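**Q** Below: sequence and its predicted model.
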Amino acid sequence: HSYIHKDLTLSITMTFGLSIFNNYSMTIDECIKEADRALYKGKEQGRNCVAVSEPESAKTEDGQ
């Protein structure tokens, strides 16, 4: 969305990365890392979105 303030046009985008915490299979640090990976995936896909990390069981051997 764009906002005009005085003589400036400000464009704002929001991208969020989400991960589901499962205390039986991951630590909180791993959950945060997954959310961070999802965030950058969302930015690569054009921004202005919510990107959700894939569960470990859905990932391939190369980690994607």
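**A** Cool, the structure landed. Numbers count the residues shown, from 1 in each chain.

**Q** Please enumerate the helices of this structure.
**A** Using DSSP state H, the helices of the chain run over residues 28-44.

**Q** Any stretches of the protein with poor pLDDT?
**A** 55-64 (pLDDT under 70).

**Q** For Phe16, which non-adjacent residue is spatially closest?
**A** With CB to CB, 6 or more residues apart in numbering as the criterion, Phe16 has its nearest non-adjacent residue at 4.6 Å, and that residue is Val50. For glycine as for every other residue, the C-beta is placed from the backbone atoms N, C-alpha and C.

**Q** Quick check: beta-bridge partners of the residue nearest to Ala38 when sequence neighbours are not counted?
**A** Using CB to CB, 6+ apart and skipping residues adjacent in sequence, the residue nearest Ala38 is Gly17, 3.5 Å away. Here Gly17 sits in beta bridges with Ala51, going by DSSP bridges.

**Q** Can you give me the neighbour number for the residue nearest to Phe16?
**A** The number of residues packed near Val50 is 12, by other CB atoms under 10 Å.
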